[in-house]
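Chemist: Quick one: sequence plus predicted model below, questions after.
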Amino acid sequence: MIRVQGGARLSGIVKPSGAKNTTLPILAGVLLKEGEWVLNNFPLVQDTLFMITLLEELGCKVKVKKAKHQAVIKVPTKLNISIENNIFSSLRGSIFLLGTLLAREGEAIMPYPGGCNIGQRPIDLHIKGLEALGVKFDLASGLIHAKVDGKVAGRVYLDYPSVGATENLMLFASLIPGEVTIDNAAQEPQVVDLGNFLKASGVNIYGVGTHSIKIKGPRRFNPIMFSIPSDPLEAGTFLIASTMTGGDITVKDVEVKFLNPLLYKLGEVGADVRMQNATTVRVIGKSRPQAANIKTLPFPGFPTDLQPQMTSLLVIAEGVSLVVETVFESRLQHFRELNKMGAQVTVEGRQAIIRGVEKLQGAEVVATDIRAGSSLILAGLVAEGETKILDDFHVHRGYENLVEKFSNLGAKITSQIVNKEMLANEQEKV
Ligand code: EPZ
């Protein structure tokens, strides 16, 4: 459980941890070549540590030096091709092992991936793209059984600029001789980071960050030391907190360009946004934020992964805001919890109408996924009294030491392990 006392104005300087959504495809990327890889600024969150467990199941030897935030991964010359570990189905990132194993061993057998329950999370675009490059699938047994039937280079068109499908195809294409083009590719920050990692390892890759990515098979493809870039989503969460609490927070060591969609919106609601250089941005919260409309879209549209956090600001803004979540079909569940705190939100399908209120009241609320959890922390920061956030394990899947970082910025926030009877006692006290 996370407990937050509302009312503090947050201020200070914070450096986000390495990005979870960048680390997961890179952990698959290291499998592309035997040898010793070193990843620095490694985020110690459940999903990345689960991914390491899967790498060990495939035959890797991994040493995580927690104090240094460093992972040293020894990749063998031969990888196991089938994964039974049920950890696989607890995160979305495990699907990146499909493209990698097919590239390295020509075959892969694995369950379907998991991930936040924000929608169906199908993998049809991953399958369709890999089939276009010569992969044959047998999905009859409820598992994914895939085999490379003569790697063919060529062009792949994604019906939707799926982040995961783009990354899976980049990983698979890195070992194909000949040129692969991915059209309607995703441009999210984690795709750009993966492209930089593959380029540094020796892959000829062009156009990452645009809708058309070209990849030519490996020149010299070698294990490297690579530093995971900081998480723009964590940075964005703090900058929203600064705006909501009338605070003054500076985020450093993060690619500010990846925050552009959010920074424009924070300016629109009335925050004082000061980009100090390419990797440092300061946001000062002025009076009560103004309402604004949000429509989530593939990057460089407003990121769906910052939508829940931004709505915690809009529920206390002056005026009426419209939120449209176009990326996932079920990513508005946090509004049920925000309404328990006195927010006035009407949800209809993928849309929500928010009538801003002056004040929220602290309440007992439940996190349903990583970003919904962080949105409830933000709401607790400005609510009257105490907010208790249950199922906060979701938050720790994707943010490292978030409670400690908020506390260092002046928030009155603690987290404790509670079990059912402790919870019952808590509720009796109320
Ligand atoms: C990645 O998920 C991120 N996860 C998500 O972050 C993020 O919300 C999402 O990209 C969009 O930016 C990781 O990077 C590990 P998609 P992914 O494929 O790859 C549909 C977080 O909070 N789709 O771009 O699953 C899909 O259903 C997480 O850190 C298909 O229809 O996202 C969704 O509606 C949550 N078929 C839309 O595309 C497919 O084969 C976007 O999905 C694949 C996706």
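Modeler: Structure's in. What do you need?

Chemist: Quickly check: the helix or strand hosting Ala235 near the ligand or not.
Modeler: Following DSSP states H and E, one finds Ala235 within helix 232-244. No - using Cβ under 6 Å from any ligand atom, helix 232-244 stays clear of the ligand, coming no nearer than 6.6 Å. (C-beta placed from N, C-alpha, C; glycine too.)

Chemist: tally of neighbours for the closest residue to the ligand within the chain?
Modeler: Nearest residue of the chain to the ligand (Cβ to the nearest ligand atom) works out as Gly164 at 2.7 Å. For Gly164, the count of nearby residues is 26 (other Cβ atoms under 10 Å).

Chemist: Then Tyr399?
Modeler: Using other Cβ under 10 Å: Tyr399 sits among 25 other residues.

Chemist: who touches the nearest residue in space to it that is not next to it in sequence in this structure?
Modeler: Leaving aside its chain neighbours, Tyr399 sits nearest to Glu234 (6.0 Å; criterion: Cβ to Cβ, 6 or more residues apart in numbering). By Cβ atoms under 8 Å, 6 or more residues apart in numbering, the residues touching Glu234 are 16-17, 19, 399, 402.

Chemist: Straight-line length of stretch 136-153, end to end?
Modeler: 15 Å (Cα to Cα, to the nearest Å).

Chemist: begin at 53 from here
Modeler: With the count now opening at 53, the last piece we talked about shows up as stretch 188-205.

Chemist: For the ligand, tell me whether that stretch is touching it.
Modeler: No - against the ligand, stretch 188-205 shows no contacts by Cβ under 6 Å from any ligand atom, the least distance being 12.1 Å.

Chemist: buried stuff in that stretch?
Modeler: 189, 195-200, 203, 205 (16 or more other Cβ atoms under 10 Å).

Chemist: so Arg55 sits right up against Ile465, yeah?
Modeler: Yes - checked against Cβ atoms under 8 Å, the pair Arg55 and Ile465 is within contact range at 6.9 Å.

Chemist: what about the two, which has more around it?
Modeler: Ile465 (22 against 18).

Chemist: What strand or helix carries that one?
Modeler: Element membership for Ile465, per DSSP H and E: strand 464-467.

Chemist: on that earlier part again, of all the buried residues of stretch 188-205, which two lie farthest apart?
Modeler: Leu195 and Ala205 (27.7 Å; Cβ to Cβ).

Chemist: can I get the contacts of Glu286 in CSV with secondary structure and pLDDT?
Modeler: Below are these laid out as CSV (DSSP: H, G, I helix; E, B strand; the rest coil; pLDDT from 0 to 100):
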residue, secondary structure, pLDDT
Pro68, coil, 98
Ser69, coil, 98
Ala71, coil, 98
Tyr451, coil, 97
Leu454, helix, 98
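
Chemist: Right, I'll leave it there.
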